[in-house]
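Participant: Build me a model:
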Amino acid sequence: MSVLERLPLPVQFYLQPTLEVARALLGQILVHEAEDGLTAGIIVETEAYLTDDPANHASRGKTMRNAAMFGPPGIAYVYQVHTHHCLNAVTAPEGVGEAVLIRAVEPLEGIDLMQQRRGVTDTRLLTSGPGRLTQAMGITLAQNFCPLTGGKLRIVQGAPVPPEHVTQATRIGIRQWQDKPWRFYVTRNPFVSKR
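Facilitator: Reported below is the predicted structural model:
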């Protein structure tokens, strides 16, 4: 079945507890239909950010930058770090600032376009990391607040990853609560950013 025929994950999916969403996103498919072409990849690495978490952008309250994190659930929260963009799926009921960072995908569609955007030919370097995947898939601040439940940028149903193929680990690149095992990835997948 083509990615264009697959149904987007419903809003109810994003209303599950955020850690469950982070785990359940593995194996689902991120799709972006941009003006210059279609790209898609299987989600292979995620990180959860919860309300009482000091590493969470929403932990100090709502601002212009993090407003998307407060909902509604199932929208994109895109933010910029230096020259890179990071894509998050907003979770929890509206008004609760929680989200799941999409850290890596396994390229599925539009690999030539991804290579062109990234300026690399090695497929393992296309989408293994949050900044790489947004560059490869043409995701920018223009996609902030976009509904992931339908539209040009969406997450569609893929294949669930069995528990024995999932590794739960600590998050990367944060200064606080580094010991929380809130990162999930597909064990031994070559596109995971860091093992």
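Participant: measure the residue nearest the centre of the chain to residue 164 for me?
Facilitator: Nearest residue to the geometric centre of the chain (CA atoms, centre = their mean): residue 102, 2.1 Å. Counting by CB to CB, to the nearest Å, the separation of residue 102 from residue 164 is 23 Å. All C-beta spots, glycine's among them, are computed from the backbone N, C-alpha and C.
Participant: Pull the contacting residues for residue 22.
Facilitator: 46-48, 100, 182-184 (CB atoms under 8 Å, 6 or more residues apart in numbering).
Participant: just the residues you listed: which has the poorest pLDDT?
Facilitator: Lowest-confidence member of the contacts of residue 22: residue 182, scoring 88 (pLDDT).
Participant: excluding its backbone neighbours, what's nearest residue 66?
Facilitator: In space, and not counting its chain neighbours, residue 66 is closest to residue 57: 4.4 Å by CB to CB, 6 or more residues apart in numbering.
Participant: Isn't that neighbour up against residue 64?
Facilitator: No: Residue 57 lies out of contact with residue 64 (CB atoms under 8 Å); the separation is 11.7 Å.
Participant: Contacts only, for residue 25.
Facilitator: For residue 25, the contact set (CB under 8 Å, 6+ apart) comprises 43, 46, 89, 100, 102, 155, 184.
Participant: From the residues you listed, pick the one nearest residue 140.
Facilitator: residue 102 (14.4 Å; CB to CB).
Participant: With adjacent residues omitted, what lies nearest to that closest one?
Facilitator: Using CB to CB, 6+ apart, the closest residue to residue 102 is residue 87 (4.9 Å).
Participant: so which helix or strand takes in the one you found?
Facilitator: strand 84-90 (DSSP states H and E).
Participant: sec struct for residue 101, please.
Facilitator: Look at residue 101: counting by DSSP: H, G, I helix; E, B strand; the rest coil, its state is strand.
Participant: does it really touch residue 88, like I thought?
Facilitator: Yes: when contacts are counted by CB under 8 Å, residue 101 is listed as touching residue 88 (5.0 Å).
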